[in-house]
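In: Sequence first, then the predicted structure, then my questions.
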Amino acid sequence: MRSPSSSTVPPHAIRSEFSAAMSDMYRREVPLYGQLLDIVRKINDEILQQNPGLEIELGDLDRVSQERHGAIRLGTGDELNTMAEVFAVMAMYPVGYYDLSAAGLPVHSTAFRPVDREELARNPFRVFTSLLRTDLLEPEIRDEAEAALARRDIFTPALRELLALHRKQGGFAPEEADAFICEALETFRWHTTALTSRPFYERMLRVNSLLADIVCFRGPHINHLTPRVLDIHRVHRTMESMGIETIPEVQGPPAGCPILLQQTSFKALNEEIHFPGDDGQTVGGKHRARFGEIELRECAITPEAREIYDRLIAEVNREAKTLQQKAGEKTYRREYPGLLNRIFREGFPAWTHEALRKQGLGYFHYHLLAPEKRPSTARPVEVPDAPPGEQADALVEAGVAHATPITYEDFLPVSAAGIFKSNLDEQSGSIDGKAPNQSIFAEALGRPVLDPFSLYREEEDASVRRLLAAYRNECPETGADSRS
Ligand code: OOG
Ligand code: NI
């Protein structure tokens with residue numbers, strides 16, 4: 001093993017460079033993405049200037065503007081397995097299992113992302129990664145799909161060599177890291193020439209457009225890169241006024257409900273593709289895959305709050321469907337926010353960070369306030385002989401400690417399905433046989449899928465332990481205790 005020395009590039013540096021290189025590539029491939037980034041940066045800048053406190057919580061404009069997630073769709077378990085190794089070089093690990101068969105899509109997914117607080121703070125690059133579920137296809141289609149996938153290798157030979165080197169050394173020297181970024185980027189590139197014939201593509205498309213997107217191309221082209229925005233409704237309106245064709249609603253919780261994430265996207269581009277013909281010539285065609293998306297990230301919530309959220313969103317979706325069918329697109333666009341807001345106002349019990357924290361519905365990071373930052377009313381507290389969480393609450397009540405929301409770093413299955421669906425080709429069919437299959441996913445992955453709730457809980461618990469230790473140090477006589 002290479003000993004961690006100054007000649008080994010830290011994983012976060014590789015991740016940041018890779019994410020930036022991907023963004024540059026995508027900007028060149030999809031000019032609309034570049035336009036979107038400009039709008040987002042301008043609006044984020046204005047918001048940070050108006051709210052100086054935000055900058056401390058989120059980092060400066062450059063840090064916020066660097067934040068993004070992407071998405072890819074893979075064909076085989078082997079592809080997923082190697083991809084997991086590529087992401088691990090950048091300290092990105094699979095978090096969460098998303099069952100998209102519930103939405104009639106033949107894929108299941110995870111999100112590769114950093115998991116530690118320090119790693120997230122450096123660069124929280126995430127890639128939503130889906131795997132084709134051949135087990136949901138009719139046998140004949142399955143055989144054809146598998147045969148097509150067997151003909152491709154989505155990784156360059158040089159990347160495979162670099163991965164072997166990384167396994168041996170446990171790290172990369174600077175020139176190896178540069179080569180890795182360059183070679184790994186190849187996997188995410190768009191190819192204008194398909195791998196399969198046009199009739200084959202059309203057959204796959206009729207089964208499902210994701211199936212065609214996965215099995216008919218040389219690689220899992222990155223299909224969007226999403227910047228984080230600080231006011232999603234403003235960006236959504238700006239996109240509409242520029243004539244960018246957005247989906248009709250902002251997905252996720254209503255405006256003003258500071259949980260999870262809100263997302264909106266512009267529709268997939270219909271792009272020129274060349275299909276190989278019988279006679280060595282190519283045949284023209286079109287393919288819809290790449291789209292644009294923006295997102296607003298808020299507080300991570302507990303399983304209990306998540307259950308309420310899922311129930312309310314299901315209710316919203318039922319009513320929204322009826323509204324869309326009865327009233328048509330224009331009215332739907334106008335009335336959806338009101339409908340979403342009404343159902344959440346009636347059913348979601350906490351609309352501020354403080355309420356989320358007090359009701360135990362959100363995850364928070366606790367820290368001791370420096371004495372000069374404490375309000376004049378702050379008083380020394382006798383910390384009760386109580387569980388650590390209650391001790392931390394008592395310190396916040398007394399004005400000695402501060403709690404900040406832990407940002408939600410993951411995705412929403414329901415909204416992911418909405419985002420997927422809004423970008424399917426209109427000829428796409430839907431898949432039957434709705435059932436998750438986490439075991440085939442985990443087996444292909446070759447490593448466990450981490451549970452997002454446990455990660456947020458551990459993060460909160462660790463901050464409580466540090467808070468109590470720091471407070472005990474400050475006033476040994478209060479008896480603050482860091483039992484867990
Ligand atoms: C991924 C869609 C999911 C999100 O932000 O929810 C996603 C895909 O279309 O491949 O990226
Ligand atoms: Ni996305």
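Out: Okay, I see it. Numbers count the residues shown, from 1 in each chain. Ligands and ions are numbered 1, 2, ... in the order given.
In: can you tell me which residues contact the residue of the stretch 1-150 of the chain found nearest ligand 2?
Out: Residue nearest to ligand 2 within the stretch 1-150 of the chain: residue 71 (5.2 Å; CB to the ion). To be clear about C-beta, it is placed using only N, CA and C from the backbone, and glycine gets the same treatment. By CB atoms under 8 Å, 6 or more residues apart in numbering, the contact set of residue 71 is 127-130, 222-224.
In: swap the cut-off to 10 Å and go again
Out: 109, 111, 126-130, 220, 222-226, 291, 293, 411, 416, 419-420 (CB atoms under 10 Å, 6 or more residues apart in numbering).
In: got it, and residue 454?
Out: Shown in contact with residue 454 (CB under 10 Å, 6+ apart): residue 95.
In: So which of the contacts of residue 71 sit within strands?
Out: Judged by DSSP state E, these include 109, 111, 126-130, 225-226, 293 as members of strands.
In: and those, which are buried?
Out: 109, 111, 126-130, 225-226, 293 (16 or more other CB atoms under 10 Å).
In: Show me the subset of the ones in strands among the contacts of residue 71 that also lies near ligand 2.
Out: Among those, the ones lying close to ligand 2 by the criterion of CB under 5 Å from the ion are 226, 293.
In: out of the ones in strands among the contacts of residue 71, which one sits closest to residue 83?
Out: The nearest member of those to residue 83, counting by CB to CB, is residue 129 at 6.6 Å.
In: Who are the contact partners of the closest one?
Out: By CB under 10 Å, 6+ apart, residue 129 lies in contact with 70-74, 79-80, 83-84, 87, 92, 94, 98, 107, 109-112, 220, 445.
In: could you redo the last one with a cut-off of 7 Å?
Out: Taking CB atoms under 7 Å, 6 or more residues apart in numbering, we find residue 129 in contact with 72, 74, 83, 109-110, 112.
In: Okay, and the beta partners of the nearest residue to residue 467 once chain neighbours are set aside?
Out: Distances taken as CB to CB, 6 or more residues apart in numbering place residue 366 nearest to residue 467, at 4.5 Å, with adjacent residues excluded. On the basis of DSSP bridges, residue 366 is bridged to residue 403.
In: Residue 366 against residue 461, yeah?
Out: No - taking contacts as CB atoms under 7 Å, residue 366 lies outside contact range of residue 461: 9.8 Å.
In: which of the two has more neighbours?
Out: residue 366 (26 against 16; other CB atoms under 10 Å).
In: Burial check on residue 25, number of neighbours?
Out: Count around residue 25 with other CB under 10 Å applied: 17.
In: measure it to residue 182 for me?
Out: Distance, residue 25 to residue 182, using CB to CB, to the nearest Å: 11 Å.
In: Kindly report the same for residue 239.
Out: Distance of residue 239 to residue 182, computed by CB to CB: 33 Å.
In: quick one, which of the two is more surrounded?
Out: Higher neighbour count among residue 239 and residue 182: residue 239, with 22 against 15, using other CB under 10 Å.
In: and the residue in the stretch 101-250 of the chain positioned nearest to ligand 1, bridged to which residues?
Out: Among the residues of the stretch 101-250 of the chain, residue 128 lies closest to ligand 1, at 4.0 Å counting by CB to the nearest ligand atom. Taking DSSP bridges, one finds residue 71, residue 111 as the beta-bridge partners of residue 128.
In: which bits of the stretch 151-300 of the chain sit near ligand 2?
Out: 226, 293.
In: mind redoing it with 8 Å?
Out: Counting by CB under 8 Å from the ion, the residues of the stretch 151-300 of the chain close to ligand 2 are 224, 226, 263, 265, 293, 295.
In: filter those down to the ones close to ligand 1.
Out: 263, 293 (CB under 6 Å from any ligand atom).
In: Minimum pLDDT in the residues of the stretch 151-300 of the chain next to ligand 2, which residue is that?
Out: pLDDT is lowest at residue 265 among those; the value there is 87.
In: Run through the bridge partners of it.
Out: Listed beta-bridge partners, residue 265: residue 293 (assigned using DSSP bridges).
In: burial of it, as a residue count?
Out: 23.
In: ok so, going back, farthest pair in the ones in strands among the contacts of residue 71?
Out: Greatest spacing in these, by CB to CB: 109 and 225 (16.7 Å).
In: re the thing from before, what separates the residue nearest to residue 467 from residue 325, distance-wise?
Out: Using CB to CB, residue 366 is found at 48 Å from residue 325.
In: go on, residue 281?
Out: Distance of residue 281 to residue 325, given as CB to CB: 45 Å.
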